[in-house]
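Colleague: Pasted the sequence and its predicted model underneath.
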Amino acid sequence: MIGKKIHRLSSVGSTNDLARTLIASGCQNGEVIISDIQTAGRGRGAKEWVSPSGGLWFSIILFPSNLNADKLQFLSLIVGLVMSKVIEEKTGLCCAIRWPNDLYLKEKKVSGVLIESKLRLNSVEWLIIGIGLNLNVDKNLLPEGAGSIKEELKTEIEKESIFSALLQEMEKAYIDFQENSLKFLPEIRERCLSLGRSVRFEINSQRLIGEAIDIDEKGRLVVEAQGKTYHLLWDAELL
Ligand code: BT5
């Protein structure tokens, strides 16, 4: 189902934006948009996602039949898990999940996930999973703090084989996720670099420093700070 129809472009503003246009004009469950470059790639909020040539920039459109909005937070972590496992299988590199939506390779961000959705009451009418992976990207084209798979391996990886493996594994994980999202939790915890680390975060306009101790069954980051326990939602910003 995922990737049965793939829209391939050499350039687009944002694959997530094009996905929205396709949804508005009528498209099928599982359609995918991939582009060689994005001229207006987006992260969360108003943040820019730098998307030069060599990267893997794509979006998956899904129309879930019965998905509660509360589960979306978890989906972002599952996408990170799938990415981490496919990259490891194809390249031998072990990327860690940085809660809630990043992949890190040796302290450098190599991937980000942007999930956007439309809700009807508390159920998800559609969702777009936007994925960016700095695969064969030159370091000098990336922002400070970013890394790429190519820079680490000192060689290029065939993009198409990673892309098709990601679509395949994403489909399997999405089916499992709808049945039982909790089965992914142990592996997510294992690969999550945020756990056991000190985190700075903002809550109710207050800046706090605490220790991330767990990811709960809703995908929230559990942090202890100043004798209290906080369960952070995915729009929380780790500072
Ligand atoms: C993300 O946002 O990490 C989600 C990125 C999702 C990108 C995909 S590409 C396909 C689809 N179409 C889109 O338009 N978007 C999705 P966030 O957690 O808000 O992180 C954004 C921050 O990451 C920026 O403020 C930069 O600091 C940093 N950044 C920007 N470009 C980067 C890159 N290529 N690699 C690593 N870090 C980057």
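Modeller: Thanks, I have the structure now.
Colleague: pLDDT (mean, whole number) over the strand ranked longest in the chain?
Modeller: In the chain, assigned by DSSP state E, the strand with the most residues is strand 108-120. Averaging pLDDT along strand 108-120 gives 96.
Colleague: just checking, Ser14 touches Ile33?
Modeller: No: counting by Cβ atoms under 8 Å, Ser14 stays clear of Ile33, with 9.5 Å between them. To be clear about C-beta, it is placed using only N, CA and C from the backbone, and glycine gets the same treatment.
Colleague: higher neighbour count, these two?
Modeller: Neighbours of Ser14 and Ile33, each counted by other Cβ atoms under 10 Å, are more numerous for Ile33; the result is 26 against 21.
Colleague: Give the partner strands of the helix or strand hosting the more buried one in its sheet and their orientations.
Modeller: Using DSSP states H and E, Ile33 sits in strand 32-38. With DSSP bridges as the criterion, the sheet partners recorded for strand 32-38 are strand 6-12 (parallel), strand 56-62 (antiparallel).
Colleague: Next, the buried residues of the first one.
Modeller: Of the residues in strand 6-12, 7, 12 count as buried by neighbour count, 16 or more other Cβ atoms under 10 Å.
Colleague: if you look at the helix or strand that it is followed by, does any of it touch the ligand?
Modeller: For strand 6-12, the following helix or strand on the C-terminal side (DSSP H and E) is helix 15-25. Yes: contact between helix 15-25 and the ligand, assessed by Cβ under 6 Å from any ligand atom, occurs at 15-16.
Colleague: Quick check: Met1 touching Asn29?
Modeller: Yes: with contact defined as Cβ under 8 Å, Met1 reaches Asn29; the gap is 6.2 Å.
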